[in-house]
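*Asks:* Provided below are the primary sequence and the corresponding predicted coordinates.
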Amino acid sequence: MKFSIVGIFKRSITIEIENEKPYNLDVPYTVLVNGEAVKTSKLNVTTVNGLLPGTEYEIAVEQDGVTEKTVFTTLEETFLLDVRAYGAVGDGKTNDTAKLQAAITTCPAGGTVHFTKGIYYSGPLFLKSNITLWFDKNAVILGDTDRSHYPVLPGMVKAEDDFDKEFSMASWEGNPLDSFASLITGIGVKNVDIIGEGLIDGNAPNSDWWVDVRTKRTAWRPRTIFLNNCSNIRIQQLSIQNSPSWTVHPYYSDDIKFIDMDVYNPDNSPNTDGFDAESCKNLEIIGTRISVGDDCIALKSGKIYMGTTHYKRSENIVIRNCRLARGHGAVTVGSEVAGGVADVHIEKCLFSGTDRGLRVKTRRGRGVRSIIDNIFIDNVDMEEVKMPFTVNMFYFCDPDGHTSYVQDQELKPVDDKTPSIGSLYIRNIRCTGINAVLGCVYALPEMPAKLIHLENIKASFLPEIERNAECPIMMDNFYDMKGKSLYLRNVEKLEIKNVDICGSEDEKPDLININDVEIEGLNYA
């Protein structure tokens with residue numbers, strides 16, 4: 001049983017089993033450290049805790065009498081600071097914000113801030129570079145319910161000596177707008193690890209964060225974790241729940257890893273996406289479980305001002321061995337993509353009960369740099385996903401979302417506000433329990449999607465009596481679907497190879513304004 005190391009930390013290691021089965025195995029394996037069995041698991045990604053810093057270990061994986069092993073050394077640690085030594089109480093009632101912040105601020109480079117067992121009632125905490133936050137099991141940060149205790153981060157600040165130079169301190173739905181600081185906020189920090197089996201609880205149900213959510217009250221709602229212009233940040237094993245809005249929001253950041261985490265928000269919680277990567281490069285989400293009230297993972301790059309004035313596309317993104325459940329979209333690209341999104345690899349994941357699997361959404365007005373390209377989804381199981389993949393270039397967001405400029409389905413001139421979609425590769429997908437449609441693509445007539453490639457897909461629908469008609473894409477003047485196989489409109493090239501569809505109400509795809517069609521094995525049953 002071969003495995004690879006995902007991340008080595010001061011007191012833990014995460015490994016990934018090398019196999020072709022998404023997310024988890026059928027047969028459990030045993031992990032041994034220095035010859036001693038420490039855990040049994042079926043998950044493709046698992047973490048071993050309880051290690052000591054700067055120590056060499058042998059780790060092995062054993063299954064059915066076959067053993068694979070390797071040697072590694074944990075990271076060095078300069079100092080270990082217990083937050084209780086700073087006066088933090090951890091009783092869930094006393095406000096520990098200042099004490100926790102003191103521990104973080106004073107931690108020397110290479111040191112670790114240790115959150116021992118307890119419930120630390122806190123407002124926003126601000127990270128510094130070159131440290132580790134370590135959470136014991138049953139160590140909880142519980143969010144302060146009083147919004148007046150949250151600092152307001154200005155959306156944009158200007159340089160005093162050069163008023164044309166500006167820095168976006170905060171963001172709200174793709175624009176540089178004033179927002180409350182998040183429970184964990186990092187601005188311009190680097191080389192930070194956040195590890196351990198603890199919990200960050202945004203405590204939104206006991207506050208007013210989910211009330212009147214479209215009204216700005218002093219500032220826009222906070223995230224739970226916000227990383228702005230950060231680099232080399234790793235978060236391992238942490239659980240997060242009850243976020244005021246988007247849960248984890250890396251923004252203009254590079255080299256970020258989220259490993260073996262759990263993110264949970266109630267299904268009726270507003271705009272509580274799991275991860276929203278905005279204008280980020282080299283991002284990995286590995287072995288993570290997400291169940292939220294909106295998109296599980298959303299990849300973005302801002303609206304038109306940020307996408308042009310502060311252009312940075314999101315690129316080189318890996319999402320692997322994750323379980324994405326119950327969200328509006330399992331993995332969504334858009335709709336704030338004025339800077340573009342490219343080179344995304346979604347592999348060996350399990351999508352369960354989401355409205356859509358791969359969801360791409362954009363609209364006129366996002367701009368000429370809004371290029372969505374080289375999106376790969378490979379070897380994914382989708383269970384009771386209503387609509388496994390959708391592409392919508394008429395998404396009706398923003399105040400002008402229902403205007404004729406955005407929603408007109410007739411040909412319009414191509415200009416500097418016209419977005420584009422390049423290549424989408426959808427391969428080795430197994431879908432069961434489909435409701436509305438296997439795939440729905442509606443690109444702009446003036447800017448057709450360049451390539452839609454479907455290969456090795458096995459799809460089966462819910463029984464007819466269990467299906468409900470619904471609109472697969474959020475645009476005006478489009479119709480509901482139920483039990484439909486494929487609908488594709490305005491595509492330059494469509495490639496279909498070895499696609500088996502069982503139980504649909506139709507027996508052929510709807511292909512409208514497709515310039516080049518190659519079909520090799522499209523079977524209905």
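*Replies:* In hand now; what should we look at?
*Asks:* leaving out chain neighbours, which residue sits closest to H310?
*Replies:* Nearest non-adjacent residue to H310, counting by CB to CB, 6 or more residues apart in numbering: S168, 6.5 Å away. C-beta here means a position set from N, CA and C on the backbone, and glycine is covered the same way.
*Asks:* show me what contacts that neighbour?
*Replies:* S168 is in contact with G155, M156, P176, N228, Y251, Y252, M306, H310, counting by CB atoms under 8 Å, 6 or more residues apart in numbering.
*Asks:* who touches the third one in this structure?
*Replies:* Yep, that's P176 we're talking about. G155, M156, S168, M169, A170, Y305, M306.
*Asks:* any idea of the pLDDT on F163?
*Replies:* F163 is assigned a pLDDT of 68 by the prediction.
*Asks:* can you point out the buried residues in stretch 259-272?
*Replies:* Neighbour-count burial for stretch 259-272, counted by 16 or more other CB atoms under 10 Å, picks out I259, D260, M261, D262, V263, Y264, N265, P266, S269, P270, N271, T272.
*Asks:* and the longest helix for this structure?
*Replies:* The longest helix of the chain (DSSP state H) is helix 97-106.
*Asks:* for that helix, packing partners?
*Replies:* Counting contacts by 3 or more CB pairs under 8 Å, 6 or more residues apart in numbering; DSSP states H and E, helix 97-106 packs against strand 112-115, strand 118-122, strand 125-126.
*Asks:* what's it in contact with?
*Replies:* Residues outside helix 97-106 that contact it (CB under 8 Å, 6+ apart) are 81, 83, 85-89, 113, 115, 120, 122-128, 131, 133, 141, 144, 149.
*Asks:* kindly report the same for stretch 392-409.
*Replies:* 303, 334-335, 360-365, 412, 419, 421, 440, 442-445, 447, 449, 473-478, 490.
*Asks:* which of the residues you listed count as buried?
*Replies:* 303, 334-335, 360-365, 412, 419, 421, 440, 442-445, 447, 449, 473-475, 478, 490.
*Asks:* please render the helices and strands packed on helix 97-106 as JSON lines that adds mean neighbour count, mean pLDDT and distance to N19 to the earlier fields.
*Replies:* Listed next are these as JSON lines, based on neighbours: other CB atoms under 10 Å; pLDDT from 0 to 100; distance: least, CB to CB, whole Å:
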{"stretch": "strand 112-115", "mean neighbour count": "23", "mean pLDDT": "98", "distance to N19": "34"}
{"stretch": "strand 118-122", "mean neighbour count": "23", "mean pLDDT": "98", "distance to N19": "39"}
{"stretch": "strand 125-126", "mean neighbour count": "19", "mean pLDDT": "98", "distance to N19": "39"}
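*Asks:* and those strands as CSV, adding distance to I235?
*Replies:* Shown next, in CSV, are the helices and strands packed on helix 97-106 (distance: least, CB to CB, whole Å):
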stretch, distance to I235
strand 112-115, 14
strand 118-122, 17
strand 125-126, 14
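*Asks:* nearest approach to N232 belongs to which of those strands?
*Replies:* For N232, the closest of those is strand 112-115, at 16.3 Å, according to CB to CB.
*Asks:* quick check: neighbours of the closest one in the sheet, parallel or antiparallel?
*Replies:* strand 80-82 (parallel), strand 131-135 (parallel) (DSSP bridges).
*Asks:* who's sitting farthest from the centroid in this structure?
*Replies:* Ranked by distance from the centre of the chain (CA atoms, centre = their mean), the top residue is D161, with 37.5 Å.
*Asks:* check which helix or strand that one maps to.
*Replies:* In this assignment (DSSP states H and E), D161 forms part of neither any helix nor any strand.
*Asks:* run through the bridge partners of I59.
*Replies:* Beta-bridge partners recorded for I59 (DSSP bridges): V33, T70.
*Asks:* D262: what's it in contact with?
*Replies:* L238, S239, I240, T288, R289, I290.
*Asks:* what's the answer for F258, then?
*Replies:* R234, I235, V248, F275, E284, I285, I286, T288.
*Asks:* what do you get if the cut-off is 6 Å, keeping everything else the same?
*Replies:* F258 is in contact with I235, I285, T288, counting by CB atoms under 6 Å, 6 or more residues apart in numbering.
*Asks:* and these, which of them are buried?
*Replies:* For the contacts of F258, buried by 16+ other CB under 10 Å: I235, I285, T288.
*Asks:* report the longest strand in the protein, please.
*Replies:* The longest strand of the chain (DSSP state E) is strand 484-502.
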